[in-house]
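A.B. asks: sequence first, then the predicted structure:
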Amino acid sequence: QVQLVESGGGLVQAGGSLRLSCAASGRTFSSYAMGWFRQAPGKEREFVAAISRSGKLTYYADSVKGRFTISRDNAKNTVYLQMNSLKPEDTAVYYCAASEYSSTRSGEYDYWGQGTRVTVSS
């Protein structure tokens with residue numbers, strides 16, 4: 001079992017930045033690849049970014065590539081999502097998730113946090 005708790009969401013103006021954190025507890029954090037997903041009102045949950053267990057490999061949705069950066073600190077059991085140049089269309093609830101293998105597919109993730117809301121105003 002892995003428990004995940006996101007933080008760092010909030011209200012920001014377009015063009016601004018936020019850094020999301022996801023703290024993990026339970027089984028060894030470094031045993032899991034981690035992902036960030038988001039769900040906007042009335043839309044399906046979508047992939048944002050993923051990172052391998054070691055942190056050496058990262059993956060991004062085209063919509064955030066070049067603006068968002070996923071990273072992890074295995075010593076702190078935490079994964080981060082640095083979001084720059086935010087746009088109103090980035091408004092969503094952001095979820096972190098843990099999986100045995102890196103994946104862009106939400107169905108591959110076994111554990112999920114409760115989400116943190118990000119609102120980008122125009």
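C.D. replies: Thanks, I have it. Residues are numbered from 1 along each chain as shown.
A.B. asks: ok, and what's touching stretch 110-122?
C.D. replies: For stretch 110-122, the surrounding residues in contact (C-beta atoms under 8 Å, 6 or more residues apart in numbering) are 1-14, 16, 18, 20, 22, 32, 38-39, 83, 86-100. Every C-beta, even on glycine, is put in place using the N, C-alpha and C of the backbone.
A.B. asks: filter these down to just the buried residues.
C.D. replies: Buried members of the contacts of stretch 110-122, scored by 16 or more other C-beta atoms under 10 Å, are 2, 4, 6, 8-9, 12, 18, 20, 22, 32, 38, 83, 86, 90-99.
A.B. asks: out of the residues you listed, list just those in strands.
C.D. replies: Per DSSP state E, strands hold the following members of the buried ones among the contacts of stretch 110-122: 2, 4, 6, 12, 18, 20, 22, 38, 83, 92-99.
A.B. asks: ok, now how distant is Val64 from Ser31?
C.D. replies: 26 Å (C-beta to C-beta, to the nearest Å).
A.B. asks: between those two, who's got more neighbours?
C.D. replies: Neighbours were counted for Val64 and for Ser31 using other C-beta atoms under 10 Å; Val64 has more, 22 against 11.
A.B. asks: quick one: the more buried one from Glu44, how far?
C.D. replies: For Val64, the distance to Glu44 - C-beta to C-beta - is 16 Å.
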